[in-house]
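1. could you look at this predicted model? Sequence included:
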Amino acid sequence: MSSPTQVAAVVIRAALSFCIFSAVCNLALAGPVARTTNATATIAPDAPPATTQPQARVYLFRGALGPIFSRGMDRLTKRLQEAGIRADVYEFTICRLIADQAIRDFRDNPAPIALIGHSMGGLCALTFAGILKSENIPVSLVVTIDPAQASPKVPLNVERFINIFLSDSILGGGDVVAERGYQGHYASFDLKQHEEVTHINIDKQDSIHEQLVTAIAQLAATPAKGEAVPLRYVVPPDAPIELWDSGTQQSARSGDTLQRLAALNHVPLWSLTQANQVSESAPLPQGQRVLVPRRLTPPPPVATSVASRPKR
C-alpha cells in the first residue's frame, strides 16, 4: 500500500505537469477579472494623517490540492487576521484574477503588499508580483515556501524576498533566484538537513508563522532601503529556523574573530562561518569584510517633548 506522502507526490506531480502544459491553467493564470471581497482598514477620525501608517494587505496561496495539502496557509492567514492584519487565502489557480483585484485595490487605497505561497502557490506569488510589476506597483514582501521548480525569478519590483525550501524535494524544491539587476533584500533558506520537515508540513511550521506575522505587522514602518547583500543558507539540522531579510557587510577590527562578531550581532556562529568560509576562531585581518545576516526592523520612535513643540 502506498504511503500518504507517495500518494501526494503522484497527485501533485500530475497537477504541476497539468499546470505547466495545459491551456486551462494558462487561462486560470491570465484569465478574466472577477470582483472579490476584501476587508478595508478603518482609520480613526482623530488619527493625524502625517503619522498614520497604511496597513499591509496579505495575499496567501495554497498549492495543488490546497485544501488537503496546504492547510498551513489557512493557519497562517488566521494568525495574521488575529494580529489585525488584512489577509486572505486563495487557490493558486485564480492567481491572475486576484492580482487584477489587487491592482484595483492598490490604486483605490495604496498600502504595502505581501504575497505568500506554498508549492504551486509559491509559483503563483512570483507570477502575481510580475503582474504588479507590469503596472508599476511595488511589492513589499514575497515569501515562497517550497515553491515549484518551474517558479519564475524574483521581479525587480519586489523589495524583500524570502525562499524557504527543500532543495531535495520532488514536490517543490524551487531554488528561486532574482532577475538580473535585482536590488531588493534576498534570503534563501534550504531546510534539506531538517529531516523532520517535508513538503507536506513545511507550510505548517509555527516558528516560521510567528516570524512572518511579526515581520508583516511591522512592514509599513520598516524601510527597505539601504545595503542588501543576498543571503543563501543551508540551515544545519540542529539549528532553529531564523528568517533574516538579507546580509550586511562589516569591517573586521583588530582582534576580531567570527565568534566575536557573532556574539556582537546576536546571530548564530554557523551563519557567519557558512557565509564567509572562514574558521570560526581564526583572527580576522583588520578591515576584512564579513557578511552578517540581519533582520529589517522599524526605526526607533522619535520622542517629542511637549516643551519642545513650537508654540502657535
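-> Everything's here; your move.

2. need the pLDDT of the closest residue to Ala220 other than its chain neighbours.
-> Ranked by C-beta to C-beta, 6 or more residues apart in numbering and with sequence neighbours excluded, the top spatial neighbour of Ala220 is Gln53, at 4.1 Å. Backbone N, C-alpha and C define where each C-beta goes, glycine included. With respect to pLDDT, Gln53 has a value of 70.

3. could you do Phe21 as well?
-> Looking at Phe21, its pLDDT reads 37.

4. same thing with Val278?
-> So Val278 comes in at 89 (pLDDT).

5. show me the contacts for it.
-> Val278 makes contact with 258, 272, 284, 290, according to C-beta atoms under 8 Å, 6 or more residues apart in numbering.

6. repeat for Pro240
-> Ser207.

7. renumber starting at 159 from here on
-> With 159 as the first residue, the last one maps to Pro398.

8. where exactly do the helices run in the stretch 259-408 of the chain?
-> For the stretch 259-408 of the chain, helices defined by DSSP state H, counting those that start in this stretch occupy the ranges 278-292, 364-375.

9. other SSEs contacting the longest one?
-> Packed against helix 278-292 by the contact rule (3 or more C-beta pairs under 8 Å, 6 or more residues apart in numbering; DSSP states H and E) you find helix 162-179, strand 215-220, helix 253-266, strand 271-276, strand 299-303.

10. swap in the last one?
-> Here helix 364-375 is seen to pack against helix 229-240, strand 299-303 when contacts are counted using 3+ C-beta pairs under 8 Å, 6+ apart.

11. redo these as CSV? Include distance to Ile289 and mean neighbour count.
-> What follows is the helices and strands packed on helix 364-375, written out as CSV (distance: least, C-beta to C-beta, whole Å; neighbours: other C-beta atoms under 10 Å):
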stretch, distance to Ile289, mean neighbour count
helix 229-240, 20, 19
strand 299-303, 12, 28
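
12. between the ones you listed, which one is closest to Ser412.
-> strand 299-303 (38.7 Å; C-beta to C-beta).

13. so what touches that closest one?
-> 230, 270-277, 279-280, 283-284, 287, 309, 312, 316-323, 330, 332, 334, 360-361, 366, 370, 373-374, 377.

14. pLDDT on it, on average?
-> 98.

15. what's the distance between it and the middle of its chain?
-> Put simply, strand 299-303 sits 3 Å off its chain's centre (C-alpha atoms, centre = their mean, to the nearest Å).

16. strand partners (parallel or antiparallel) of it?
-> strand 271-276 (parallel), strand 318-323 (parallel) (DSSP bridges).

17. out of those strands, which is the most enclosed?
-> strand 271-276 (a mean of 29; mean count of other C-beta atoms under 10 Å).

18. want to throw the strands paired with strand 299-303 into JSON lines with mean pLDDT?
-> JSON lines is the format used below for the strands paired with strand 299-303 (pLDDT from 0 to 100):
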{"stretch": "strand 271-276", "mean pLDDT": "98"}
{"stretch": "strand 318-323", "mean pLDDT": "98"}
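
19. how about those strands in a markdown table, adding distance to Val300?
-> Compiled in a markdown table, those are given as follows (distance: least, C-beta to C-beta, whole Å):
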| stretch | distance to Val300 |
| --- | --- |
| strand 271-276 | 5 |
| strand 318-323 | 5 |
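
20. Leu234: which of those is closest?
-> Closest among the strands paired with strand 299-303, using C-beta to C-beta: strand 271-276, at 6.9 Å.

21. between strand 215-220 and the closest one, find me the angle.
-> Orientation check (axes from the mean of the first three to the mean of the last three C-alpha atoms, to 10 degrees): strand 271-276 against strand 215-220 gives 10 degrees.

22. what's in contact with stretch 288-296?
-> Under C-beta under 8 Å, 6+ apart, the answer for stretch 288-296 is 254, 257-258, 260-261, 264, 271, 297, 310, 313-317.

23. work out the gap between it and the centre of the chain.
-> The answer for stretch 288-296 is 17 Å, by C-alpha atoms, centre = their mean.

24. dump that stretch to CSV, keeping only the CA atoms.
-> Extracted as CSV, the C-alpha positions of stretch 288-296 are listed here (Å, rounded to 0.1, in the frame of the first residue of the first chain):
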residue,chain,number,x,y,z
GLY,A,288,5.3,40.1,-12.0
ILE,A,289,1.8,41.2,-12.9
LEU,A,290,2.1,44.0,-10.4
LYS,A,291,5.5,44.9,-11.9
SER,A,292,3.8,45.5,-15.3
GLU,A,293,1.6,48.0,-13.6
ASN,A,294,4.5,49.8,-11.8
ILE,A,295,3.2,48.6,-8.4
PRO,A,296,5.8,47.7,-5.7
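
25. returning to what we had before: highest mean neighbour count out of the helices of the stretch 259-408 of the chain?
-> When these are compared using mean count of other C-beta under 10 Å, helix 278-292 is most buried, at a mean of 25.
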